[in-house]
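# here is my input; please provide its structure:
(one chain, ligands or ions: 1)
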Amino acid sequence: MKPIFQPQLVNDPYGDPALYIEFLFEKRALMFDLGDIASLATRRVLRLTHVFVSHTHMDHFMGFDRLLRLCLGREKSIHLWGPPGFVEQVAHKLGAYTWNLVHNYETDFTLVASELTPDGIAQQSRFRCKAAFQREELEPLHVSDGILLDELGFRVRATILDHKVPCLGFALEEKHHVNVWKNRLDELGLPTGPWLKELKTAVLRNEPDDRPFCAWWREGGETRERIFPLGQLKQELLRVVAGQRIAYVVDVVHHDENARRIVALARNADFLFIETTFLEEDAALAAEKYHLTAHQAGTLARQAAVKRLIPFHFSARYPDRGAELEAEAKAAWKGAGG
Ligand SMILES: [Zn+2]
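Predicted coordinates:
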């Protein structure tokens, strides 16, 4: 199956955390964490619609300024999510600049900031460029099961973890993945085209099997079409399989409650991006600083049965030992006999 979501760390494993997730068929992206994004190309920054910030330690949030700088003057909206206290911090970030001329702009760049709290009530505010980024309160959102974003094909879920401050772990979950059998298209004499996306959408929306569906394409300057019952196309052309799952966990101390939540969040993930800040030989230091060791991270990955483990967020105390951090995490992931 061709994965729809393409996750990529913006920086090397010693750099600030930011996981850029691009959509295969759309000029759109999401991001988990907002550390230094100087190396992320402008056009890629401009594809972002949602950014989910684990917590506001500087290495996870300092990319806010670049995001703001590049979006300013554009007709664009970005939704930011973060932990308790986040909306106030976004307001302070914006409050650090002078906005006496922006009401003249033709565009109205808009930020919405929301914060997840343990009671599941998310406070939200909006900040519009034309209103000089003055805070406008929005109706609070009721978050159930940690679901921050729920769209037709996917959802983003968060869980609150303990880093001496609340720190969010995230998972991007594709609901179903719809594959097209290319050879069967040929057998039906149907060319590819935008109608295939419409077909997938109809299937994801659970529309009834007897609904007439129009396959259309352009041929010799004319629009051609053929009508089928949706159920027939579904059966003959498509294969619906489990969707992709990408989990992201940084900056957490190792204790039972965190471990339980991380394993639930990352269960069977195709990718787990997880901090491996310290080596196990420095486990005491890791605990003191509320971080994981590589061994602990790998063990969590094994318990969650993830398919791929990507260790990152290495401490600067190990400039030449990145390979060891990685090996320690992967050994624990594969288990003693693996
Ligand atoms: Zn950090």
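
# C-alpha only now, for contacts and for neighbours.
OK.

# where are the low-confidence patches of the stretch 201-338 of the chain?
Across the stretch 201-338 of the chain, the ranges flagged by pLDDT under 70 are 336-338.

# hey, where'd the strands end up in the stretch 101-250 of the chain?
Under the criterion DSSP state E, counting those that start in this stretch, strands of the stretch 101-250 of the chain are mapped to 110-115, 121-128, 135-142, 147-150, 154-162, 166-174, 176-180, 212-219, 222-229, 238-242, 245-249.

# quick one: mean pLDDT over the fourth one.
This means strand 147-150. Averaging pLDDT along strand 147-150 yields 97.

# what sits up against it?
155, 156, 157, 158 (C-alpha atoms under 8 Å, 6 or more residues apart in numbering).

# skipping adjacent residues, who's closest to the second one in space?
I take that to be residue 156. Of all residues not flanking residue 156 in the chain, residue 172 sits nearest, at 4.6 Å (C-alpha to C-alpha, 6 or more residues apart in numbering).

# quick one: contacts for that neighbour?
So residue 172 contacts 154, 155, 156, 157, 245, 246, 247 (C-alpha under 8 Å, 6+ apart).

# dump the residues you listed to JSON lines, plus distance to residue 206.
Shown next, in JSON lines, are those (distance: C-alpha to C-alpha, whole Å):
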{"residue": "154", "distance to residue 206": "14"}
{"residue": "155", "distance to residue 206": "17"}
{"residue": "156", "distance to residue 206": "20"}
{"residue": "157", "distance to residue 206": "22"}
{"residue": "245", "distance to residue 206": "21"}
{"residue": "246", "distance to residue 206": "24"}
{"residue": "247", "distance to residue 206": "26"}
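
# check the gap between the residue nearest to residue 156 and residue 10 for me.
Between residue 172 and residue 10 the computed distance is 17 Å (C-alpha to C-alpha, to the nearest Å).

# for residue 199, same thing?
With C-alpha to C-alpha as the criterion, residue 199 and residue 10 are 34 Å apart.

# sorry, back to before: turn the contacts of residue 172 into JSON lines, columns for distance to residue 212 and neighbour count.
What follows is those, written out as JSON lines (distance: C-alpha to C-alpha, whole Å; neighbours: other C-alpha atoms under 10 Å):
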{"residue": "154", "distance to residue 212": "26", "neighbour count": "17"}
{"residue": "155", "distance to residue 212": "29", "neighbour count": "16"}
{"residue": "156", "distance to residue 212": "32", "neighbour count": "20"}
{"residue": "157", "distance to residue 212": "35", "neighbour count": "21"}
{"residue": "245", "distance to residue 212": "32", "neighbour count": "24"}
{"residue": "246", "distance to residue 212": "35", "neighbour count": "25"}
{"residue": "247", "distance to residue 212": "38", "neighbour count": "26"}
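
# how many other residues sit next to residue 287?
Residue 287 has 17 neighbours, counted by other C-alpha atoms under 10 Å.

# can you show me the CA trace of the helix or strand hosting it as CSV?
When elements are assigned from DSSP states H and E, residue 287 belongs to helix 283-288. Extracted in CSV, the C-alpha atoms of helix 283-288 (Å, rounded to 0.1, in the frame of the first residue of the first chain):
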residue,chain,number,x,y,z
ALA,A,283,19.3,6.2,34.0
ALA,A,284,19.5,8.2,37.2
LEU,A,285,20.2,11.4,35.4
ALA,A,286,17.4,10.6,32.9
ALA,A,287,14.9,10.2,35.8
GLU,A,288,16.2,13.4,37.4
